[in-house]
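> Sequence isn't available, so here's the structure alone:
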């Protein structure tokens with residue numbers, strides 16, 4: 001895992017470089033020598049946070065059109081409220 005450190009000025013000037021570097025490891029952004037931000041790729045972020053893709057992201061993928069699924073209606077048995 002490669003760790004890259006850029007000043008905020010370098011980050012603003014080299015955003016393409018920072019994005020490529022984030023594929024290899026975290027990119028730390030510094031302001032006056034202090035680390036203030038970290039750039040990660042989405043896969044690494046999801047691994048750290050334990051989250052997966054959103055339903056919108058899954059449905060927007062080209063393969064989503066090939067997924068077959070059926071939704072069955074849910075029936076509820078409502079009872080009137082009792083006020084004693």
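Good, I have the coordinates. The shown structure was predicted, so the numbers you read here are calculated from the model rather than taken from an experiment.

> Low-confidence regions, the protein specifically.
Across the chain, residues meeting the criterion (pLDDT under 70) sit at 64.

> Let me see the contact set for residue 22.
Residue 22 makes contact with 4, 39, 40, 41 under the criterion Cβ atoms under 8 Å, 6 or more residues apart in numbering. All C-beta spots, glycine's among them, are computed from the backbone N, C-alpha and C.

> Now intersect those with the strands, please.
Judged by DSSP state E, the contacts of residue 22 include 4, 39 as members of strands.

> Tabulate the contacts of residue 22 (JSON lines), appending distance to residue 82.
As requested, the contacts of residue 22 are exported to JSON lines (distance: Cβ to Cβ, whole Å):
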{"residue": "4", "distance to residue 82": "65"}
{"residue": "39", "distance to residue 82": "58"}
{"residue": "40", "distance to residue 82": "54"}
{"residue": "41", "distance to residue 82": "56"}
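
> Now compare the contacts of residue 22 and name the two farthest from each other.
Farthest apart among the contacts of residue 22 by Cβ to Cβ are 4 and 41. That separation is 12.4 Å.
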